[in-house]
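Novice: pasting the sequence and the predicted coordinates here, then a few questions.
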Amino acid sequence: MKNIAVYCGASEGNDDAYRDATIELAHWLVDNDLNLVYGGGGVGLMGLLASEVLARGGKVIGIMPKELVDRGASYDGLTDLRIVENMSERKEMMLELSDGCIALPGGPGTLEEIIEAFSWARLGDNNNPCVMYNVQGYYDDLKHMFDLMTDKGFLTRKDRSKLFFSNSLENIGTFMSCYIPPKIREYAK
């Protein structure tokens, strides 16, 4: 495992715990010799994460649609900034370049990107482990929703076990290093 895609907000939220967890994640990435792959932004938790990784000597690959670069949203001084045409290309490239996916607290975009990564894993288009960094229980309701999907028969227990929720970077690291992608679904006719 070398590159970790991190999805997070272009806002910092209203709880210092999110900032603290972002800094902790940045340090964990560098301490474990993992490169950051992220959306390329210079504001919110995105900007904080990138600046902390860079300040500790880590490598940061940003991937951002041209329209956002043109609006001045990109972080200056990244190790590598890749400009793509749209968000679909960004998401695809982030998965191609990464070996694992972590979602920090964030808004609809953060949620959409990590859920798509998990969905693609179930289709066989993403071999990366997907993790919700559950800072202060931020993702508890989402965890409950996935458990409900499983209870109601829309998600197998085996596939449910492939989406990890934790507030411990040590546990996240263990999950990612032991991860085996879901078996690709087959359909009987």
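Specialist: Yep, it's here.
Novice: my guess is residue 118 contacts residue 165. True?
Specialist: No - using CB atoms under 8 Å, residue 118 is not in contact with residue 165, being 11.6 Å away. C-betas here are computed from N, CA, C, even on glycine.
Novice: quick check: residue 103 vs residue 69, distance?
Specialist: Going from residue 103 to residue 69 by CB to CB, to the nearest Å gives 23 Å.
Novice: who's more crowded, those two?
Specialist: residue 103 (26 against 15; other CB atoms under 10 Å).
Novice: tell me the contacts of the closest residue to the more buried one other than its chain neighbours?
Specialist: Excluding the flanking residues, the one nearest residue 103 by CB to CB, 6 or more residues apart in numbering is residue 114, at 3.9 Å. By CB atoms under 8 Å, 6 or more residues apart in numbering, the contact set of residue 114 is 7, 101, 103, 130, 132.
Novice: roughly how far is the host helix or strand of residue 114 from the heart of the chain?
Specialist: Using DSSP states H and E, residue 114 sits within helix 108-123. Offset of helix 108-123 from its chain centre (CA atoms, centre = their mean, to the nearest Å): 9 Å.
Novice: then stretch 105-121?
Specialist: Worked out by CA atoms, centre = their mean, stretch 105-121 lies 7 Å from the chain centre.
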